[in-house]
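> Structure of the sequence below:
(4 chains)
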Protein chains: 2
Amino acid sequence: MRKPTIQDVARHAGVGVGTVSRVLNNHVAVKGATRESVLKAIADLEYTPNPHARRIAGGRSYTISVLLPVLTTEFYVRLLDGLETAFQEARYDVAIFPLLDRSRLERYLGSHTLAYQADGLVMATYNLTQMFHERRLRTQQPTVLVDAFADNVDSSFMDNVAGGRMAGEYAAQFSGDLYAVWVETELDQLFTTRVFEDRRSGFMSALDTAGRTIRAEYTSSFDSLAARNTAATVLNQAQEAGLPCTVFASADMLAGALLDEVRLRGLKIGQDVRVIGFDDQPWAAERGLTTLHQPVESMGYEAAQLLLSRLNGYKGPARARRFEPRLIIRGSA
Amino acid sequence: MRKPTIQDVARHAGVGVGTVSRVLNNHVAVKGATRESVLKAIADLEYTPNPHARRIAGGRSYTISVLLPVLTTEFYVRLLDGLETAFQEARYDVAIFPLLDRSRLERYLGSHTLAYQADGLVMATYNLTQMFHERRLRTQQPTVLVDAFADNVDSSFMDNVAGGRMAGEYAAQFSGDLYAVWVETELDQLFTTRVFEDRRSGFMSALDTAGRTIRAEYTSSFDSLAARNTAATVLNQAQEAGLPCTVFASADMLAGALLDEVRLRGLKIGQDVRVIGFDDQPWAAERGLTTLHQPVESMGYEAAQLLLSRLNGYKGPARARRFEPRLIIRGSA
DNA sequence: GACACGCTTGGAACCCGTTCCAAAAAAGGC
DNA sequence: GCCTTTTTTGGAACGGGTTCCAAGCGTGTC
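This next block holds a predicted model:
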């Protein structure tokens, strides 16, 4: 038996093909009752639209390119989840390009072909280069930034300053010394994220407002060995200077290392040493880590919506969507 | 400037659209001169056909599913190379499914969706299960086996018996003891390959014909540690029983381990110990290994052709294409 | 030279969606 | 209740290929 077509659905529902198309694409101008009958016909016939026909009739590829640094981290997995959810709803395909280093990004941006094929572009965590601007002007390809910001481009990002501030306000209420650990990212300058600078400035301003000062700050890279060393250094200093103390670890990774080290030294978490993390990694709940949860999926979902609105003809000025982390208080602080 | 269409090409070449389509699809019924002018027009306009339009007009997906156990080995990489070359020529896309274990294969075979999308199926190294037969009858999906054989299905495979025989005939001419090492594959029964049984039976029959007997046989698994151990065992025995000797290693992997071990013991390769491999791995030339080269790419290419002919309407009985390895004599034997 | 047959070729019909325009229906205004 | 405006709807045109039929051409035969 032949696959049903949009014609079959239209006939079955007693409406025109245009109406069926409108329902499929969520165009608003369809009355509730009509929409229902179309949806019923679709279900009855087990109709699935032919994506190729759609692409040729629509004159687009219905494909979005997503550029990101890596896809092996929790953060980007969640981000993609949000992006893909939104694009799937709009029946767009997603092509993912993990562009670990500068040369790959430039190769990508330089290639006409890919620009030609995707209807839109999502760039995650990228610093906008001159090259990118030129290309955007040249190709007119609708673009959205996610986890990044620039003037004149739609963007969706996390307010890390606010997140840092929340951590700072919460930390300020505890007596004892305050410490903080920041992360030095190893990404190329191209991919610079201001994430940790932002968290720091929010944190510091909160302490300032509360009239508190920080005892010491540390920096670690992202690998687990470095995190372990840093944790040891912090605790050495803290034990020497006197407990209790409160440590803001600007990434859960670091917070985890601190929890390990605290336990190792027979100290009491949340008492001798309070730890505040950032990220709310999957394991944070079971380890009782007080941390900042980021609505990463929402940020991705919203980025996709911004792009889709452009694809549907929105011509207005660039929009920026800001998302705030949420402090999740568990046992560690 | 708009992308040129088949209409533009037809106009530019002064022919009808049908003719252009015929040239694009390599239909024979186009005169040389006409074909040339069409090709020139295509080049002039930098025309590239729109694959979506093709899929909708042609009523097919122009996509082939390739099922194979893994794609990390030399063998499957070369196989895919041959398959993809042929499919690209015919402008088909290839979707690759590495189905490492039984559950994934069954999940794949059970799913209607994928069956629905691909125009044809290439199965590499799979034993045909009952499930597969039922599915084939149900979906009528054109299928070809590669590196495997079954009645009533098109297939393209290596004649490992012949390969073993060549090794045997060559080995038989040398004086001294004869040894052989076989491989025990760890693949699920579903993916059974008779490769090593076949090589063995060919090898043995050749010795038989030549009136020679084998001194001892060994079996190893495919990992390098096991290969090293096996090599040591073989050489212990050989040194005890007396050199020179000749060893047929039914996979280059094993032959490589033997070469290492021979050198380690200060023996002369090709003199004290002769080694014959099988596979002609990329490193075999520089290490001077006498081995059997398999035309794996050709086997894949031919498999694709068999499938394409079905897709183009061939209705005849199942065909089987047999490929013979070629003995490459280098220094080791 | 006329006729038949097979090989090439042109082009209309078709594949299955989206879009746009005009028409129909509904809502609003008096 | 009638007219205007707005919302909703039907369906033709279109997008870029493939396929099939009929027509054109060339060659071979007598």
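
> got the contact list for residue A:250?
A:164, A:180-183, A:196, A:199-200, A:203, A:278 (C-beta atoms under 8 Å, 6 or more residues apart in numbering or on different chains). C-betas here are computed from N, CA, C, even on glycine.

> Pull out the buried members of those.
A:164, A:180-183, A:196, A:199-200, A:203, A:278 (16 or more other C-beta atoms under 10 Å in any protein chain shown).

> ok, residue A:167 - how many residues close by?
Using other C-beta atoms under 10 Å in any protein chain shown, residue A:167 has 29 other residues around it.

> Kindly report the same for residue A:74.
Around residue A:74 there are 14 other residues, counting by other C-beta under 10 Å.

> Let me know whether it touches residue A:282 as I believe.
Yes: with contact defined as C-beta atoms under 8 Å, residue A:74 counts as touching residue A:282 (7.2 Å).

> Let me see the ranges of the helices in chain A.
A:6-13, A:17-24, A:32-45, A:51-58, A:74-89, A:102-110, A:112-117, A:130-139, A:160-172, A:195-209, A:224-241, A:252-264, A:296-311 (DSSP state H).

> Of all the ones you listed, which one is nearest chain B?
Closest of those to chain B is helix A:51-58, at 4.1 Å (criterion: C-beta to the nearest C-beta).

> Just checking, which helix or strand of chain A averages the lowest pLDDT?
helix A:112-117 (a mean of 55; mean pLDDT, DSSP states H and E).

> Redo the helices of chain A as TSV? Include distance to DNA strand D.
Conversion of the helices of chain A to TSV gives the following (distance: least, C-beta to the nearest atom of the strand, whole Å):
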stretch	distance to DNA strand D
helix A:6-13	7
helix A:17-24	2
helix A:32-45	3
helix A:51-58	3
helix A:74-89	20
helix A:102-110	25
helix A:112-117	13
helix A:130-139	18
helix A:160-172	38
helix A:195-209	43
helix A:224-241	52
helix A:252-264	48
helix A:296-311	18
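
> Confidence-wise, which of those is weakest overall?
Mean pLDDT is lowest for helix A:112-117 out of the helices of chain A, coming in at a mean of 55.

> What distance do you get for residue A:243 to DNA strand C?
64 Å (C-beta to the nearest atom of the strand, to the nearest Å).

> Touching, that residue and residue A:269? I think so.
No: counting by C-beta under 8 Å, residue A:243 stays clear of residue A:269, with 11.6 Å between them.

> Can I get the buried ones among the contacts of residue A:250 in a markdown table including distance to DNA strand C?
Formatted as a markdown table, these follow (distance: C-beta to the nearest atom of the strand, whole Å):
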| residue | distance to DNA strand C |
| --- | --- |
| A:164 | 43 |
| A:180 | 51 |
| A:181 | 51 |
| A:182 | 47 |
| A:183 | 44 |
| A:196 | 43 |
| A:199 | 42 |
| A:200 | 46 |
| A:203 | 47 |
| A:278 | 42 |
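
> what sits against the closest residue to residue A:274 other than its chain neighbours?
Of all residues not flanking residue A:274 in the chain, residue A:333 sits nearest, at 3.7 Å (C-beta to C-beta, 6 or more residues apart in numbering or on different chains). The contact partners of residue A:333, taken as C-beta under 8 Å, 6+ apart, are A:170-171, A:174, A:246, A:270, A:274-276, A:290.

> Next, format the residues you listed as JSON lines and append neighbour count.
Listed next are these as JSON lines, based on neighbours: other C-beta atoms under 10 Å in any protein chain shown:
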{"residue": "A:170", "neighbour count": "19"}
{"residue": "A:171", "neighbour count": "24"}
{"residue": "A:174", "neighbour count": "15"}
{"residue": "A:246", "neighbour count": "24"}
{"residue": "A:270", "neighbour count": "16"}
{"residue": "A:274", "neighbour count": "23"}
{"residue": "A:275", "neighbour count": "31"}
{"residue": "A:276", "neighbour count": "27"}
{"residue": "A:290", "neighbour count": "23"}
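
> which ones among those residues are found in strands?
Residues of the contacts of residue A:333 located in strands (DSSP state E): A:246, A:274-276.
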